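Trainee: Below is the sequence, then the predicted model.
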Amino acid sequence: MAWAQRIGARIPLVNAPMGGVAGGRLAAAVTAAGGLGMIGMGSAGSVRALEQELPHIRGVAGPFGIGLVDWVVAGQPELLEAAIEARPALISVSFGDHLGWAARVADAGIVPATQVYSWQDARRAQDAGIGVLVARGVQGGGHGAVNAPLLPLLDEVLAVASVPVLAAGGIGAPADLVAVLRAGASGAWLGTCLAACSESLLPEAGRRALLAACGADTVLTRAYDVGMELPWPARFPARVLRTGFTDRWTGREDELAADPAAKQALAAALAANDPAVTPIDAGEGVGLVTAVEPAAHVLERLWSGMTG
């Protein structure tokens, strides 16, 4: 709680800055409910995209944050500058090895944060001036390293951490939150459990897919990144809902990279919003997502279960 209170939040719950899901409306809803709402700039992040989402958070009492992707910022350094100019309480930049941005963010009076996947990552980030570490377990949705499950990872990160550590990956029920806070986490970084909320940017077909899925329906894959020619580092595959596309190409990414027809077919299917092909990020806790509801209801259920 101390970390949350220092940045002006009432409860130590943060929505993960999920690209294409965590826009200004979701961030505003999480902040209004007492947490730290994050605007996510994923693979398609840009200054223009950020400027479109920021008005939704303006006027909401409480802190907000902005989440960026390392390789996107490398190609668009102006995006980091725009994020700093927006004066959030926290800026996260993840999925890369470059940490020089942290000093620039901290000098602006903003807390720098990043995801970590091992105690070595944690120590390196801390040494670079990162103020909040996000220990992300392998069961989490979206991009991340193929590493340890959350609780063992949390133990090893906490053993070397001298800054607050947030837990991420598979947290969707009050018992999950109790477990990570008792283990020593300063808060939780929530993704899949908020992805289907009424304020998210997820299309209706994506919400339906999440509601129908269980944890066994997820798969770790680089197939979409390769098929869409996105420069995600190979270290960070994505956990998504299984589709015919993932069944065909997961483990065959080199073949896919050399198959222009397959990539063109994927592009056409995505342009048509084909629900049988469209990637939907989802963690192993997706089976706990059973309704489209306001983010405030999800946070209240998690937090009341913790305090009750």
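Mentor: Yep, that arrived. Numbers count the residues shown, from 1 in each chain.

Trainee: can you pull the contacts of residue 51?
Mentor: residue 82 (CB atoms under 8 Å, 6 or more residues apart in numbering). C-beta coordinates here come from the backbone N, C-alpha and C atoms, glycine included.

Trainee: Check whether it sits in a helix, strand or coil.
Mentor: helix (DSSP: H, G, I helix; E, B strand; the rest coil).

Trainee: Tell me the predicted confidence for it.
Mentor: Note on residue 51: pLDDT of 97.

Trainee: ok, now how distant is it from residue 202?
Mentor: Note on residue 51: its distance to residue 202, by CB to CB, to the nearest Å, is 21 Å.

Trainee: ok so residue 135 is a helix residue?
Mentor: No: counting by three-state DSSP, residue 135 falls outside a helix, being strand.

Trainee: Give me the nearest residue to it, chain neighbours excluded.
Mentor: Nearest residue to residue 135, sequence neighbours excluded (CB to CB, 6 or more residues apart in numbering): residue 157, at 4.4 Å.

Trainee: And the one you found, how far from residue 275?
Mentor: 37 Å.

Trainee: go on, residue 170?
Mentor: 25 Å.

Trainee: go on, residue 6?
Mentor: For residue 6, the distance to residue 275 - CB to CB - is 42 Å.

Trainee: which SS class is the residue sitting furthest away from the middle of the chain?
Mentor: Distance from the C-alpha centroid of the chain peaks at residue 261, with 31.3 Å (CA atoms, centre = their mean). With three-state DSSP as the basis, residue 261 sits in helix.

Trainee: separation between it and residue 187?
Mentor: Going from residue 261 to residue 187 by CB to CB gives 46 Å.

Trainee: which residues in the stretch 151-300 of the chain form helices?
Mentor: Along the stretch 151-300 of the chain, counting by DSSP state H, counting those that start in this stretch, helices occupy 174-183, 192-195, 204-212, 223-227, 244-249, 253-257, 260-271, 295-307.

Trainee: TSV please, covering these and showing mean pLDDT and distance to residue 140.
Mentor: Shown next, in TSV, are the helices of the stretch 151-300 of the chain (pLDDT from 0 to 100; distance: least, CB to CB, whole Å):
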stretch	mean pLDDT	distance to residue 140
helix 174-183	96	12
helix 192-195	97	8
helix 204-212	94	14
helix 223-227	97	16
helix 244-249	95	17
helix 253-257	96	21
helix 260-271	95	23
helix 295-307	88	16
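
Trainee: Residue 121: which of the ones you listed is closest?
Mentor: Nearest to residue 121, of all those, is helix 174-183, at 17.9 Å by CB to CB.
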